[in-house]
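Trainee: Coordinates only, no sequence provided:
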């Protein structure tokens, strides 16, 4: 049974349709990431769930009760849904302890406040500090503790790590994932960072122009994206055109196996960079002419030409050819790209 269900939800702002018949189901205790390009409808979807916006069509059901739709509209503060915003949004005039205690029945319960601080890996001794005395990472942890204080069944995370530096962002993401899992709280993360989405979530929901174009596990969407936009959004992709015959496709990079469901005929397929290997050249194999290479530490970006077609590939620096010619080895199967609709 779903904890949260959105059914054919549409939201318009004047002549602009931010969400168009979007449907999504989220199971209890899972972590879902909502991803998509800017303007795809991610924030609008989150605001509808939180109760900050009302849908023009469709309904939102949470914990077996309709909270938005034709029958009723439950105010945001009565939904029992937690929210951690991008900037933390702590009350600047309240101490750390008072911020956390704000949503608790017993606001002066020091033991409970200290337990929540410890849960988000903060020293309880900071309870007396003011928000401006904290680092960005500490503020975000306090915001999470404050949201957890209300014991929500659902936690909404609106790009909460985007203002943090790369190292701290990864640590915060891992901490939040551990905390929500330990508390049994269902989580929804809105993010524009594909690595964040892939590593955080049990389920990805991808928005494109207000439509939910694909929902599935991170592995499924990474290896079998439905659209080219999604293929490129979730990581580097090599897109090839060719003709499929008998489960194989001839391409400039060589012959590629394709999925059994791919019919014969013209097709467009995707390979991930890890499926393309540049190896020492030998006669009788597809030949890559190395045009340039750019060393970037563990990764080298190699630009090469095959049969007059230019390709750019990120390869491990230890294996990267830097000049001359190389042979091409393709690993695994290509995935056919089908555009929305």
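Mentor: Received it, and whenever you're ready, just let me know what you need. None of the values given here were measured: they were computed from a predicted structure.

Trainee: give me the low-pLDDT residue ranges for the stretch 51-200 of the chain?
Mentor: For the stretch 51-200 of the chain, the stretches with pLDDT under 70 are 88, 105-108.

Trainee: quick check: domain ranges of this protein?
Mentor: Following automatic domain parsing, one gets these domains for the chain: 4-229, 236-336.

Trainee: can you put those domains in JSON lines and add mean neighbour count?
Mentor: Just so you know, the C-beta spots here come from the backbone N, C-alpha and C atoms, and that holds for glycine as well. As requested, the domains of the chain are arranged in JSON lines below (neighbours: other CB atoms under 10 Å):
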{"stretch": "domain 4-229", "mean neighbour count": "18"}
{"stretch": "domain 236-336", "mean neighbour count": "15"}
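
Trainee: Mind listing residues that contact stretch 194-208?
Mentor: 22, 24, 26, 30-37, 40-42, 45, 161, 169, 173, 176-177, 189, 191, 212-218, 221-222, 227, 229-230, 233-235, 340 (CB atoms under 8 Å, 6 or more residues apart in numbering).

Trainee: Can you tell me the element the closest residue to residue 218 other than its chain neighbours falls in?
Mentor: What sits nearest to residue 218 in space, not counting adjacent residues and going by CB to CB, 6 or more residues apart in numbering, is residue 198, at 4.5 Å. Element membership for residue 198, per DSSP states H and E: helix 194-200.

Trainee: Show me the helices in this structure, by range?
Mentor: Assigned by DSSP state H, the chain shows helices spanning 42-50, 96-101, 110-119, 136-149, 166-183, 194-200, 218-223, 228-233.

Trainee: Select, out of these, the one closest to residue 246.
Mentor: Nearest to residue 246, of all the helices of the chain, is helix 218-223, at 22.1 Å by CB to CB.

Trainee: Name the surrounding residues that touch that closest one.
Mentor: 33, 197-199, 201-202, 204, 206, 214, 230, 234-235, 272, 335.

Trainee: my guess is residue 334 meets residue 268, correct?
Mentor: No: assessed by CB atoms under 8 Å, residue 334 is found out of contact with residue 268, at 9.5 Å.

Trainee: list the residues that contact both of the two?
Mentor: Residues touching both residue 334 and residue 268 (CB under 8 Å, 6+ apart): residue 240.

Trainee: How much space separates residue 222 from residue 322?
Mentor: Using CB to CB, to the nearest Å, one gets 29 Å for the distance from residue 222 to residue 322.

Trainee: Then residue 50?
Mentor: Using CB to CB, one obtains 51 Å as the distance from residue 50 to residue 322.

Trainee: just residue 200 next, same as before
Mentor: Relative to residue 322, and taking CB to CB, residue 200 is found at 36 Å.

Trainee: again with residue 152
Mentor: Distance from residue 152 to residue 322, by CB to CB: 53 Å.

Trainee: do residue 137 as well
Mentor: Applying CB to CB, the value for residue 137 to residue 322 is 39 Å.

Trainee: for residue 329, same thing?
Mentor: Residue 329 is 18 Å from residue 322, where distance means CB to CB.

Trainee: Now do the phi/psi pair for residue 54.
Mentor: The phi/psi pair for residue 54 (degrees, to the nearest 10) reads phi -110, psi 130.

Trainee: and the closest residue to it other than its chain neighbours, what are its bridge partners?
Mentor: Residue nearest to residue 54 in three dimensions, not counting chain neighbours: residue 73, with 5.6 Å by CB to CB, 6+ apart. Note on residue 73: beta-bridge partners residue 68, judged by DSSP bridges.
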